[in-house]
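K.L.:
Next one to model:
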Amino acid sequence: MTAAAISQLHPAPPVGGGTLTMDDLVDLHRPHDRTTPRVRANVVASVDGSATAAGRTRDLGGPADLLVFDLLRQLSDVVVVGAGTVRDEGYGPMRLGGEAVAWRREAGLPDHPVVAVVSGRLELDPTSDVFADAPVRPLVLTHDEAPHAARSRLDEVADVVSCGRDRVDPRLLVQALVERGLSQIHTEGGPALLGDLVAADVVDELCLTVSPNLEGGAGPRIVAAREAMALRGLALDHVLLSGDMLLTKWSRRR
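P.N.:
Residues are numbered from 1 along each chain as shown. Below is the predicted model:
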């Protein structure tokens, strides 16, 4: 290794001494300007790169990861999630806790973010809690050629929005949400949805938790693009440490 390369190595600068407060976490993650559209993704991965353990993400996380997970929902206008993730993770209604609701009211925001489920085949149960118990009418983001019968059933519990002719176009998805005043867009995956968003280069920020576990290689990666693409450069905003778990935030270099 050359001396020049060694000189570029240094510890990640601490965000601040001691334990962070909730206000500190909010300041680290809140958007500087809510009028500027921004797409943020939140994911967790094992050290060996798996997005799931035994098919689900929850066993990879921990209390600190869950705290940031909830905070990112609190800061968003809309939470975008793929239909497969809704089914696999057993999503319930997008309902925030009392302290988060109070913060949003003080910030002049609606009590709860909107949930937007992305589905091309519309294999969704309109009686599931994510729709039936939603505090805000959900969105379903699909395309023109989605099954009409399923669309009619979902029309009763959600606003079904077409974002493309024969597949969901990520840029049209973002445009449709921004046109509804939902400019702070937060996605929780899964890998196929995030892969489409990354390939379209609409992801502005990535919050990645690195779980201190080895999964063994059976699980998927956090991103599954449909085809090879050019690298998307990121800038490291911060690294937080909770025990042996790393919580990182990255911004897209443009």
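
K.L.:
Can you list the helices and strands that the host helix or strand of R171 packs against?
P.N.:
R171 belongs to helix 170-179 when assigned by DSSP states H and E. When contacts are defined as 3 or more Cβ pairs under 8 Å, 6 or more residues apart in numbering; DSSP states H and E, helix 170-179 sits against strand 78-82, strand 139-142, strand 184-187, helix 191-199. Bear in mind the C-beta positions are built from the backbone N, C-alpha and C, glycine included.

K.L.:
Direction included, what does the third one pair against?
P.N.:
For strand 184-187, the paired strands and their directions (DSSP bridges) are strand 38-46 (parallel), strand 78-82 (parallel).

K.L.:
so which of those strands comes closest to D204?
P.N.:
D204 sits nearest to strand 38-46 of all these, at 4.9 Å, using Cβ to Cβ.

K.L.:
Show the average pLDDT along the closest one.
P.N.:
The average pLDDT for strand 38-46 rounds to 97.

K.L.:
by contact count, what packs against the very next helix or strand once past it?
P.N.:
Reading on from strand 38-46 to the C-terminus, the next helix or strand found by DSSP H and E is helix 63-75. On a contact count with 3+ Cβ pairs under 8 Å, 6+ apart, helix 63-75 meets helix 22-29, strand 38-46, helix 98-106, strand 184-187, strand 205-211, strand 234-242, strand 245-252.

K.L.:
So which bits of helix 63-75 are buried?
P.N.:
Residues of helix 63-75 classed as buried by neighbour count (16 or more other Cβ atoms under 10 Å): 64-65, 68-69, 71-75.

K.L.:
okay, it in CSV with CA atoms only?
P.N.:
C-alpha atoms of helix 63-75 as CSV (Å, rounded to 0.1, in the frame of the first residue of the first chain):
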residue,chain,number,x,y,z
PRO,A,63,-33.6,-1.5,19.3
ALA,A,64,-31.5,1.3,17.8
ASP,A,65,-32.4,0.2,14.2
LEU,A,66,-36.1,0.2,15.2
LEU,A,67,-35.7,3.6,16.7
VAL,A,68,-34.3,5.0,13.4
PHE,A,69,-36.9,3.0,11.4
ASP,A,70,-39.7,4.7,13.3
LEU,A,71,-38.1,8.1,13.1
LEU,A,72,-37.7,8.0,9.3
ARG,A,73,-41.5,7.2,9.1
GLN,A,74,-42.1,10.2,11.4
LEU,A,75,-40.2,12.5,9.1
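
K.L.:
how far off strand 205-211 does that helix point, in degrees?
P.N.:
160 degrees (axes from the mean of the first three to the mean of the last three Cα atoms, to 10 degrees).

K.L.:
Across the sheet, point out what pairs with V39.
P.N.:
Going by DSSP bridges, V39 forms beta bridges with I185.

K.L.:
Same check on the one 5 residues further on?
P.N.:
Partner residues in beta bridges with V44: T209, with DSSP bridges as the criterion.

K.L.:
Next, format the helices and strands packed on helix 63-75 as a markdown table and append mean neighbour count and distance to L173.
P.N.:
Formatted as a markdown table, those follow (neighbours: other Cβ atoms under 10 Å; distance: least, Cβ to Cβ, whole Å):
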| stretch | mean neighbour count | distance to L173 |
| --- | --- | --- |
| helix 22-29 | 14 | 22 |
| strand 38-46 | 23 | 9 |
| helix 98-106 | 13 | 23 |
| strand 184-187 | 25 | 9 |
| strand 205-211 | 21 | 17 |
| strand 234-242 | 15 | 21 |
| strand 245-252 | 18 | 17 |
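
K.L.:
Noted, bye for now.
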